[in-house]
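Asker: Sequence below, structure please.
(2 chains)
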Amino acid sequence: MGIKFFGHYLLDEDKLTNTQLTEAVDYQTANNLSLGELAVRDSLISEKEANTINDKQRSLDKRFGEVAISLGLLTDPQIDNLLATQKKEKIFFGEILILKKFMSEETLNSELKKFEEQQHIEVEELDDKIDEIDIDGLMKNSIGILQKLYSRIVHDHIKLVNIRKNSNQGPNGVIALQKMRGDINMDFAIAADVAVSLAISEKFMKMDFDKIDEMVLDIVSEFVNVVLGNIAVKFSSGGTKVDLTPPTILTKLDDSFKEYYAFDFVTTQGNLTLWLKV
Amino acid sequence: MKLLIVDDAKLIHFMIKKILKAGGYINIEFQDAFNGVEAIEMAKEFQPDLVLLDVVMPEKDGLEALAGLKQDNPDINVIMVSSLGTEEKVTQALKLGAIAFIQKPFDEDELCAHVAKLS
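Answerer: Numbers count the residues shown, from 1 in each chain, chains lettered A, B, ... in the order given. Down below sits the predicted model:
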């Protein structure tokens, strides 16, 4: 059980093979174009201009259209047209499975129904679990800020799938820890597997990385610093005073992590766990 | 133009230089400090036109360093670049004489615009 993407659910239920899942995801990525890709394809802007808009969008946390208009690269009607085209051309994951004859429409509909029912229960259970352990919304907000910044920086989906305690098991590609001290005391760590660490690094620096090196460690630390800093800002509006220790890289999740709450996330790239002790 | 970057993360030094280079600022002379103590010492010799200063650092944090830099040279231009943009830190930095506070993750254009004003 647990929250997952539909493709992973089908994999676990033996309704899809690994190869079919990869083929379907690749097909979807290649055919569902972003607004920027559509605008370049339709010769409305150059690739360089699209990159400029994407970079700005990443740092300003605004929609593609808003940034493109503010830079004078696209007009309101052009954005409306692009959105309409995107909607018209969008191909859903389930449609690809039928198109590629990986399953019948009947099987798809019945699996989708089972998946949605299961996920609805899982999401409600996770929400209840967070509410039980949360203090002044700290955990919920921390999770929200992590998800928002991860999506914004890495341009990837991130989904909370599990909450646990009394365990120090988790991804150990890169582990970075930082502490908030003052009116709020919180120990905050992110453990990301290798693929997620590399994805964060590549998007953060707009460079290619193929292995965990010193720079990747620095980038994941900085990512933790940015997330925790933004959490601090969120909680400081009422005059709350907090300081952050510099982030540190850990070589392993030792026994002390059994005292933390572990929030497991899945992304398209891999797994990431947020460790929180308040 | 002389620019002193103060951040305990080497990565940020690399990132800022990359952004400014891409923004067309190719004639900047850089110096790197990795904590507040180094920043104050280096600024005396280097006499930067602008200091980009992190808040969260070991040894002497950014706000302590800012006070020290201003004590040595009240006219020094300092911009805080930090993820910890809490109301308290921003107010304190501006009171101590910082000209701006840029919150991470920062907008590359915002950084270039500040540098443009001083170059």
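Asker: Could you use CA atoms for every contact and neighbour count after this?
Answerer: Will do.
Asker: what ranges do the helices span in chain B?
Answerer: Using DSSP state H, the helices of chain B run over B:10-22, B:36-46, B:62-72, B:87-96, B:108-118.
Asker: who are the neighbours in contact with residue 7?
Answerer: Let's take chain A. Contacts here follow CA atoms under 8 Å, 6 or more residues apart in numbering or on different chains; on that basis A:Gly7 touches A:Leu16, A:Leu21.
Asker: my bad, chain B
Answerer: By CA under 8 Å, 6+ apart, the neighbours of B:Asp7 are B:His13, B:Ala33, B:Phe34, B:Asn35, B:Leu53, B:Asp54, B:Met57.
Asker: wouldn't the last one be in contact with A:Pro246 here?
Answerer: By that I understand B:Met57. Yes. B:Met57 is within contact range of A:Pro246, at 6.0 Å (criterion: CA atoms under 8 Å).
Asker: How confident was the prediction at residue 64?
Answerer: No chain in the question, so chain A it is. pLDDT, the model's per-residue confidence, is 87 for A:Phe64.
Asker: other chain: chain B
Answerer: B:Glu64 is assigned a pLDDT of 95 by the prediction.
Asker: now swap in the one 5 residues further on and tell me
Answerer: pLDDT, B:Leu69: 97.
Asker: same question, the one 4 residues further on
Answerer: The score at B:Asn73 is 96. That number is its pLDDT.
Asker: and among the helices of chain B, the most buried is which?
Answerer: helix B:62-72 (a mean of 20; mean count of other CA atoms under 10 Å in any protein chain shown).
Asker: Tell me the bridge partners for the most centrally placed residue in chain B.
Answerer: Chain B has B:Leu52 as the residue nearest its centroid, 1.1 Å off, counting by CA atoms, centre = their mean. Beta-bridge pairing for B:Leu52 (DSSP bridges): B:Ile5, B:Ile79.
Asker: Low-confidence stretches in chain A?
Answerer: A:1-4, A:58-61, A:237-238 (pLDDT under 70).
Asker: Longest strand in it, please.
Answerer: Counting residues, the longest strand found in chain A (DSSP state E) is strand A:174-182.
Asker: What are the buried residues along that one?
Answerer: Buried residues in strand A:174-182, counted by 16 or more other CA atoms under 10 Å in any protein chain shown: A:Val174, A:Ile175, A:Ala176, A:Leu177, A:Gln178, A:Lys179, A:Met180.
Asker: partner residues bridging the fourth one?
Answerer: In this structure, A:Leu177 has the following beta-bridge partners (DSSP bridges): A:Ala189, A:Thr248.
Asker: Isn't it up against A:Ala192?
Answerer: No. Counting by CA under 8 Å, A:Leu177 stays clear of A:Ala192, with 11.7 Å between them.
Asker: How about the residues of chain B by chain A?
Answerer: Residues of chain B found near chain A (CA under 8 Å from any CA of the partner chain) are B:9-11, B:15, B:56-58, B:82-88, B:104-109.
Asker: how about 7 Å then?
Answerer: Within chain B, the residues that sit near chain A (CA under 7 Å from any CA of the partner chain) are B:9, B:11, B:56-58, B:83-88, B:104-107.
Asker: Could you identify which of those residues has the most neighbours?
Answerer: In terms of neighbour count, B:Leu84 stands highest of these at 30 neighbours, by other CA atoms under 10 Å in any protein chain shown.
Asker: list the contacts for that one?
Answerer: B:Leu84 sits next to A:Gly229, A:Asn230, A:Ala232, A:Val233 when contact means CA atoms under 7 Å, 6 or more residues apart in numbering or on different chains.
Asker: Run through those and flag the ones next to chain B.
Answerer: Applying CA under 7 Å from any CA to those, one finds that A:Gly229, A:Asn230, A:Ala232, A:Val233 fall near chain B.
Asker: To what extent is the last one buried, counted in neighbours?
Answerer: Using other CA under 10 Å as the criterion, A:Val233 is surrounded by 21 other residues.
Asker: Can you give me the distance of it to B:Leu84?
Answerer: According to CA to CA, to the nearest Å, A:Val233 and B:Leu84 sit 7 Å apart.
Asker: B:Leu69 too?
Answerer: When distance is defined by CA to CA, B:Leu69 is 20 Å away from B:Leu84.
Asker: Next: A:Asn141.
Answerer: A:Asn141 sits 16 Å away from B:Leu84, going by CA to CA.
Asker: Give the closest residue to A:Lys129 in space, chain neighbours not counted.
Answerer: Spatial nearest neighbour of A:Lys129, excluding adjacent residues (CA to CA, 6 or more residues apart in numbering or on different chains): A:Ile163 at 7.7 Å.
Asker: In whatever helix or strand the one you found lives in, which residues are buried?
Answerer: A:Ile163 is part of strand A:158-164 when elements are defined by DSSP states H and E. Judged by neighbour count (16+ other CA under 10 Å), strand A:158-164 contains these buried residues: A:Ile158, A:Lys159, A:Leu160, A:Val161, A:Asn162, A:Ile163.
Asker: Parallel or antiparallel, list what pairs with that strand.
Answerer: Sheet partners assigned to strand A:158-164 using DSSP bridges are listed as strand A:261-267 (antiparallel).
Asker: After the strand it pairs with, which helix or strand is next?
Answerer: Counting by DSSP H and E, the element after strand A:261-267 in chain order, helix or strand, is strand A:271-277.
Asker: And the contacts of that next one?
Answerer: Outside of strand A:271-277, the residues within contact range by CA under 7 Å, 6+ apart are A:170-171, A:186-193, A:196, A:260-266.
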